[in-house]
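Visitor: I would like to see how this sequence folds:
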Amino acid sequence: MCVIGVSGSGKTSLAAALAKRMQCDHIELDALYHEPGWKEANLDDFRERAEPRLNAERWVCDGYYANWARQFDRADLIIWLDYPFRIILRRVLWRTLKRLLTKEELWNGNRESWKMTFSKKSIIAWVFKVYWKRKRETPRFLELFEAEKLRFGHPREVERWLRP
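Guide: Prediction:
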């Protein structure tokens with residue numbers, strides 16, 4: 001199962017909750033992609049990290065990476081968190097502030113910094129750059145895969161879906 005959405009959509013939280021509920025591995029693709037010092041993994045290294053975990057019988061992954069890990073080819077369900085921009089921006093701003101204040105480690109020793117927050121590499125700038133592009137391109141991209149697809153347009157829809 002794959003959970004996708006732009007940064008701040010809640011894909012990691014949802015994937016972790018689903019993996020816990022299903023008692024299976026949660027694969028956070030960001031953790032496999034971001035090397036120390038925010039260096040980006042090359043394709044071969046990324047796949048080498050992802051492949052063994054995606055070969056398991058059951059797993060839940062979150063992240064997009066244009067199917068670098070070939071996760072969509074193996075998924076039985078793809079969940080797209082397609083929330084309004086106002087929700088995404090509010091979440092990214094709040095999450096960034098929290099991470100800056102707590103100095104929370106993300107992956108491989110990486111932390112958000114004030115300098116990064118006000119640079120072109122900012123997660124906030126990233127959301128402005130990719131939000132509308134992903135909203136436009138994701139439906140066509142998802143047509144390439146045979147997996148069942150669910151699209152949630154608001155967090156309340158996910159909450160209703162998760163209720164027993």
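Visitor: If you count contacts, what does the lowest-mean-pLDDT helix or strand in the chain end up packed against?
Guide: Here the helix or strand of the chain ranked lowest by mean pLDDT, DSSP states H and E is helix 71-74, holding a mean of 88. Here helix 71-74 touches helix 43-54, going by 3 or more C-beta pairs under 8 Å, 6 or more residues apart in numbering; DSSP states H and E. In this view, the C-beta of every residue, glycine as well, is placed from N, C-alpha and C.
Visitor: Need the residues that contact the helix it packs on.
Guide: Here helix 43-54 makes contact (C-beta atoms under 8 Å, 6 or more residues apart in numbering) with 25, 27, 29, 32-33, 41, 59, 61, 65, 68-71, 74.
Visitor: Just the buried ones from those residues, in ChimeraX syntax?
Guide: Buried subset of the contacts of helix 43-54, written as a ChimeraX selection, criterion 16 or more other C-beta atoms under 10 Å:
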select :27,29,32,33,41,59,61,65,68,69,71,74
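Visitor: Tell me which residues touch the residue nearest to S9 when sequence neighbours are not counted, please.
Guide: Among residues not flanking S9 along the chain, L81 sits closest, at 3.9 Å (C-beta to C-beta, 6 or more residues apart in numbering). By C-beta under 8 Å, 6+ apart, the residues touching L81 are V3, I4, G5, S9, G10, K11, L14, F152, V158.
Visitor: so N108 sits right up against P36, yeah?
Guide: Yes. With contact defined as C-beta atoms under 8 Å, N108 reaches P36; the gap is 4.8 Å.
Visitor: Mind checking which of the two has more residues around it?
Guide: N108 (16 against 9; other C-beta atoms under 10 Å).
Visitor: Quick check: that one is in a helix.
Guide: No. Assessed with DSSP: H, G, I helix; E, B strand; the rest coil, N108 is coil; it does not lie in a helix.
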